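Q: below: sequence and its predicted model.
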Amino acid sequence: GIQVEQSPPDLILQEGANSTLRCNFSDSVNNLQWFHQNPWGQLINLFYIPSGTKQNGRLSATTVATERYSLLYISSSQTTDSGVYFCAVGNYGGSQGNLIFGKGTKLSVKP
Amino acid sequence: ETGVTQSPTHLIKTRGQQVTLRCSSQSGHNTVSWYQQALGQGPQFIFQYYREEENGRGNFPPRFSGLQFPNYSSELNVNALELDDSALYLCASSLGGQAGNEQFFGPGTRLTVL
């Protein structure tokens, strides 16, 4: 099945710094989502981005489907950005309808 | 628009018991997927229900079962609980059962098996 790798596994930033999180996947996809998991466990949708570029405030994402990777950019980070960021993909070759998650990037933003 | 809700929030059970977790899909959505997230890991797909039928299943034993109701809410049942079943259980709703559909997650149920 499709493999999803996220890097880096851990990231520590000073408030105000910028960061780039990467997601590599091993096969073509028709779904790619970025999530932020808050301390209570809820997965918050950040982007639905199987291809192209999107921006939402301080966050933006780019997926290059032909090269099988996606990037999540966080600018001017804030302490509330702390948490785990997951990339998840779906494709028709997998069990119908499921998302395959990476292991996540744990981000800590220090004041 | 009502988001995805799950109940209960927390649950403690002992080995061998049975548990039922519940999920209400986002308004307008007809598909519910269930995931298990062990500590420090990404969520893993258990199964999906689309229009009241199972529409795909991950690598979980048959003691994990589910159903979907006509209002598209769903239940996850786990029989003969084992210690390794301790995890955060997440449900997600979407419009349609295809892999390309965006999924929206509920707040999760944290299950502890003693």
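A: Nice, I can see it.

Q: show me which residues of chain B sit near chain A.
A: B:31, B:33, B:35, B:37, B:41-45, B:48, B:50, B:55-58, B:88, B:90, B:92, B:94, B:97-108, B:110 (C-beta under 8 Å from any C-beta of the partner chain). Just so you know, the C-beta spots here come from the backbone N, C-alpha and C atoms, and that holds for glycine as well.

Q: what about these, which are in strands?
A: B:31, B:33, B:35, B:37, B:44-45, B:48, B:50, B:55-57, B:88, B:90, B:92, B:94, B:104-105, B:110 (DSSP state E).

Q: could you give the mean pLDDT of stretch B:86-102?
A: Mean per-residue pLDDT for stretch B:86-102: 89.

Q: so the helix or strand bottoming out on mean pLDDT in chain B versus strand B:31-37, what angle?
A: The weakest-scoring helix or strand in chain B, judged by mean pLDDT, DSSP states H and E, is strand B:53-57 (a mean of 90). Using axes from the mean of the first three to the mean of the last three C-alpha atoms, to 10 degrees, one finds that strand B:53-57 and strand B:31-37 are set 40 degrees apart in direction.

Q: so whichever helix or strand comes after strand B:53-57 versus strand B:44-50, what angle?
A: Once the chain leaves strand B:53-57, the next helix or strand it forms, by DSSP states H and E, is strand B:64-68. Per the same axes, to 10 degrees, the angle that strand B:64-68 makes with strand B:44-50 is 30 degrees.
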